[in-house]
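**Student:** please work out how this folds:
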Amino acid sequence: MNSPWLFLPSFIVFWCFICFFLSRVSGWASLATHYATSEKPRGEKYSVQSIGLGYSDFFAVSYSGVVTFHLSDETLHMKVMPLFTVGHAKLSIPLADIEAEPSRFLFSKNVKISFKKSGNIKMRVFRSLGKNILHAKFSRSI
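**Tutor:** Now for the predicted structure:
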């Protein structure tokens, strides 16, 4: 007996489970234990960004075009689009807790970021956001 009206609730539960699971596999939930925030983000906004986040370079979870960043002189604020928020708290990471370096992965230039409080989690950011994080990080330490 198939009930078509059960599809939507089942799909919503499945979607929430997948989002929650990916937050654990990627390390986003681990970062949230140290950097979760409810404060309003400040700084330059970078919408629809793609990142790779995980415990390994080759097995990182790809967040393709779903992350919004705000970069200020003191913090890097991260959040995912509303459709993906289950398990993904908003993060506010002090630049002092970020280690950033230029990198290459496969065929792309990017910036590899690690976090002092969650040292085994790595994040790769691309394009102008990565360059601006490097600039903010190094101009702050001079």
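
**Student:** show me where the protein has its strands.
**Tutor:** With DSSP state E as the criterion, the chain has strands at 44-54, 61-71, 75-80, 91-94, 98-105, 108-115, 118-125.

**Student:** what's the closest of these to L22?
**Tutor:** Closest of the strands of the chain to L22 is strand 61-71, at 5.4 Å (criterion: C-beta to C-beta). For every residue, glycine as well, the C-beta is placed using N, CA and C.

**Student:** contacting residues around that closest one?
**Tutor:** Contact partners of strand 61-71, identified using C-beta atoms under 8 Å, 6 or more residues apart in numbering, comprise 22, 25-26, 41-54, 76-81, 83-84, 125, 129, 132-133, 136.

**Student:** run through this protein and note the low-pLDDT ranges.
**Tutor:** 1-2, 137-142 (pLDDT under 70).

**Student:** which parts of stretch 91-98 are buried?
**Tutor:** Buried positions in stretch 91-98, judged by neighbour count with 16 or more other C-beta atoms under 10 Å: L91, S92, I93, L95, I98.

**Student:** and which of those residues is nearest to F58?
**Tutor:** Among these, and counting by C-beta to C-beta, the member closest to F58 is I98, at 22.1 Å.

**Student:** fine by me, we can end here.
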